[in-house]
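1. below is the sequence, then the predicted model.
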Amino acid sequence: MTTAPARTQPGTRPLGWLRHSLVLARRSLAKTTRSPGPIVNGVVTPALFLVLFLYLFGGSVAGSTTDYLRYLFPGILVMGAGLAGMISTGTTINLDRRNGVTDRFRSLPISRLAPLLGSVLADIVRYLLAVAILFAIGALLGFRVHGSLAAALAAAGLAILFGFCVSWVTVFIGVLVKDANAVVAFSFITFLPLQLGTSLAAPTSTLPGWLRAWAEVNPVTQVMDACRALLNGTTIGGTVTTTLIWCVILFVVFCPLAVRSYSRQQ
Amino acid sequence: MSEHGFEAEKLAKRFGKTVALDGVSLAAPRGQVLGLLGPNGAGKTTVIRILATLLRSDRGRASVAGFDVAGQPGQVRGRIALSGQHTSVDEELTGLANLVMIGQLLDMPRRHATQRAAELLARFGLEDAARRPVASYSGGMRRRLDLAASLVGRPEVIFLDEPSVGLDPGKRDELWQLIRGLTAEGVTVLLTTQYLEEADALADGIIVLDHGRVIAAGTPAELKQQVGGRAVVVRLDDPADTEPAAAILASVADRSPERSTRHELVVPVTGDDDFFEITARLREHAIGVTELSLRLPSLDEAFLALTGAPATTTDFTKAA
């Protein structure tokens, strides 16, 4: 039997952080196939809201369920892309820490970014899956894309990009907080105002004053409006730009914060 | 190349108001095992975490494999491995997947990582379990996989934090064999333990910690001498023999024995001869025993001898 050669000096090969992140993303996905909970959660919750809102309010809000589906579906898509990772990433990172997996990673000669980025990259795959399943459900219910194919892909891409950037907030919380239950609680508490306090179910102009004020500053509204315009082929306005600006802000603030407190963890 | 596997000078660390380390110095020559002995909360894990670059000390300095832990943590991480109670493998992945992943994180090409993983699984008797998720492993198997995981990168220094906690004696002996095998390859080991027996079985040198301070240091032989050597334990067949047996122990050892239970007498002795003398006299008086042994002092007894106070068992592990 031959012996595996000793490894090269660590940190000498370029792009190590990216390669290591991909190795860890694969780990995260391998875990998903064993416990597909987060994916199910990321698909079932938005799908339930879709069906519920569609048949409860469709008639009264838009006159018919077909018209309402055109309005509602893009927002549900954004919810799906955000949700699959929002709960899972923070809790897995928190769990790793309690199980001692984090200690092993931190004692390896790899970038401190890699375990976190790995987890978030795996989320992107989960978002893709969630978005694809939601499109299929939407199609079954009668949703048709009215913009170009490129615009539809851009809508999906925008929803996923936003999900990726929001993930860093939960990653930060997952690194910061000691108790996994607290991470779940945080995700649920923020879920309601962030996802539902938006233009999801009805245009913000129809909401009561206080809710309208919140919904209009809520970045999720911008993403939903942008996706709605892209999918329905209507005027995009500044929503896509605003969404991209929000993505940059979330990423630039929370990614370094998360990596910093991950490195300093005791 | 430094002649030391690792060395630390006057390490100090506080967690809020708790003083975890208060001027701890230690060193181990390459290829040796240093045992860090002490009760819960003594600061053992904190020492390991500082040397493994997971934690920064407030004061003092330390180097591992010739590199400063604060100044060149990357170099240190490339040469160490960490294993034990607070470290772990991924429960949901298979044993093989865990080892391959670590190999890839150490920049091995996938083929080499798989080859190395197979080598280690074979060496640690885990071939049959290689493709099962770790969640299905027994405690002993998990500990072996954890040790295997720390060997993937052929480290120069290994930190083992209470490696045998929760293992039954048979599994523990098996683990000790594996640890002894490491030093044969020139690896330097820092081992923390709560058991004098474990330190005695594995370590070339022992440091005793209490309340974040070094209270004793030396070779196992020196330390045993310092803590008053060994004790004779007699477990009697018949409790009625307690008084005559106690009288024999008292006259040989020159101090009255401790009566830990109704059937058991314990007395510290200075040498082998005392033990043989006790054995002979018990036989002379036809006193039946179910157990008769010469054993090392327990950690509690050692602490009593070193500090004059019982070992503190306050659990600070959460703070660390």
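-> All right, it came through fine.

2. for the chain, which helix is longest?
-> As the question left the chain open, I've gone with chain A. helix A:65-99 (DSSP state H).

3. was after chain B, sorry
-> Per DSSP H, chain B has its longest helix at helix B:169-184.

4. which strands and helices sit next to the helix or strand following it?
-> The helix or strand immediately downstream of helix B:169-184 is strand B:188-193, counting by DSSP states H and E. Counting contacts by 3 or more Cβ pairs under 8 Å, 6 or more residues apart in numbering or on different chains; DSSP states H and E, strand B:188-193 is packed against strand B:4-15, strand B:18-29, strand B:33-37, helix B:44-51, strand B:157-161, helix B:169-184, helix B:196-202. (Glycine included, C-beta is placed from N, CA and C.)

5. and with 7 Å instead?
-> strand B:4-15, strand B:33-37, helix B:44-51, strand B:157-161, helix B:169-184 (3 or more Cβ pairs under 7 Å, 6 or more residues apart in numbering or on different chains; DSSP states H and E).

6. residue A:247: which of these is closest?
-> helix B:44-51 (36.5 Å; Cβ to Cβ).

7. quick one: the closest one to strand B:157-161, angle?
-> With axes from the mean of the first three to the mean of the last three Cα atoms, to 10 degrees defining the directions, helix B:44-51 sits at 150 degrees from strand B:157-161.

8. burial check on residue 75, number of neighbours?
-> Just going to use chain A. Neighbourhood size, residue A:75 [other Cβ atoms under 10 Å in any protein chain shown]: 27.

9. nope, chain B please
-> Residue B:75, neighbours per other Cβ under 10 Å, totals 20.

10. check residue B:210 too.
-> Neighbours around residue B:210, by other Cβ under 10 Å: 20.

11. I'd like the helices and strands packed on strand B:188-193 written out as a markdown table, with distance to residue B:226 added.
-> Below are the helices and strands packed on strand B:188-193 laid out as a markdown table (distance: least, Cβ to Cβ, whole Å):
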| stretch | distance to residue B:226 |
| --- | --- |
| strand B:4-15 | 22 |
| strand B:33-37 | 12 |
| helix B:44-51 | 19 |
| strand B:157-161 | 24 |
| helix B:169-184 | 24 |
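
12. how about CSV for the ones you listed, with mean neighbour count, mean pLDDT and distance to residue B:127 added?
-> CSV is the format used below for the helices and strands packed on strand B:188-193 (neighbours: other Cβ atoms under 10 Å in any protein chain shown; pLDDT from 0 to 100; distance: least, Cβ to Cβ, whole Å):
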stretch, mean neighbour count, mean pLDDT, distance to residue B:127
strand B:4-15, 20, 92, 31
strand B:33-37, 26, 93, 28
helix B:44-51, 26, 93, 30
strand B:157-161, 26, 93, 23
helix B:169-184, 15, 85, 15
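
13. could you list the low-pLDDT ranges of the stretch 101-250 of chain B?
-> B:228-229 (pLDDT under 70).

14. ok so, going back, contacts made by the longest helix of chain B with the rest, please.
-> The set of residues external to helix B:169-184 that reach it, using Cβ atoms under 7 Å, 6 or more residues apart in numbering or on different chains, is B:31-33, B:124, B:140, B:143, B:147, B:158, B:160, B:163-164, B:167, B:189, B:201-202.

15. from those, which is closest to chain A?
-> residue B:158 (10.7 Å; Cβ to the nearest Cβ).

16. next up, the contacts around that closest one.
-> Taking Cβ under 7 Å, 6+ apart as the test, what residue B:158 contacts is B:81, B:83, B:150, B:182, B:187, B:189.

17. for the last one, give me its contacts.
-> In other words, residue B:189. Applying Cβ under 7 Å, 6+ apart, the residues near residue B:189 are B:33, B:158, B:160, B:179, B:182, B:183.

18. quick one: the last one and chain A, what's the gap?
-> Remark: distance between residue B:183 and chain A (Cβ to the nearest Cβ, to the nearest Å) = 19 Å.

19. returning to what we had before: closest to residue A:59 out of the helices and strands packed on strand B:188-193?
-> That would be strand B:4-15 among the helices and strands packed on strand B:188-193, by Cβ to Cβ, at 60.9 Å.

20. who does that closest one pair up with?
-> Strand B:4-15 sits in its sheet next to strand B:18-29 (antiparallel), strand B:59-64 (antiparallel), going by DSSP bridges.

21. for those, give me TSV that also has mean neighbour count and mean pLDDT.
-> What follows is the strands paired with strand B:4-15, written out as TSV (neighbours: other Cβ atoms under 10 Å in any protein chain shown; pLDDT from 0 to 100):
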stretch	mean neighbour count	mean pLDDT
strand B:18-29	19	92
strand B:59-64	20	94
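
22. with distance to residue B:117 as extra columns, can I get these in TSV?
-> Below are these laid out as TSV (distance: least, Cβ to Cβ, whole Å):
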stretch	distance to residue B:117
strand B:18-29	29
strand B:59-64	25
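
23. what is the burial count for residue B:227?
-> Residue B:227, neighbours per other Cβ under 10 Å, totals 21.

24. is it in contact with residue B:306, as I believe?
-> Yes. The pair residue B:227 / residue B:306 is scored as a contact, 6.0 Å apart, by Cβ atoms under 7 Å.

25. which residues does the closest residue in space to residue B:81 that isn't next to it in sequence contact?
-> For residue B:81, ignoring the flanking residues on the chain, the nearest one in space by Cβ to Cβ, 6 or more residues apart in numbering or on different chains is residue B:150 at 3.4 Å. The contact partners of residue B:150, by Cβ under 7 Å, 6+ apart, come to B:81, B:82, B:83, B:158.

26. who does the last one bridge with?
-> Assessed by DSSP bridges, residue B:158 has beta-bridge partners residue B:81, residue B:189.

27. helix, strand or coil for residue B:83?
-> strand (DSSP: H, G, I helix; E, B strand; the rest coil).

28. for burial, what's the neighbour tally of the residue lying closest to residue B:239 once chain neighbours are set aside?
-> Computed as Cβ to Cβ, 6+ apart, the closest residue to residue B:239 that is not its neighbour in sequence is residue B:262, at 5.2 Å. Residues near residue B:262, counting by other Cβ under 10 Å, number 8.

29. try the one 3 residues further on
-> Neighbour count for residue B:265, taken as other Cβ under 10 Å: 24.

30. pLDDT score for it?
-> Per-residue pLDDT puts residue B:265 at 89.

31. also residue A:26?
-> 92.

32. in what helix or strand does it lie?
-> Per DSSP H and E: helix A:16-34 holds residue A:26.

33. and the helix or strand residue A:175 falls within, what other elements does it pack with?
-> Per DSSP H and E, residue A:175 falls inside helix A:149-176. The contact analysis (3+ Cβ pairs under 7 Å, 6+ apart) places helix A:149-176 against helix A:65-99, helix A:113-141, helix A:180-191, helix A:219-232, helix A:239-264.
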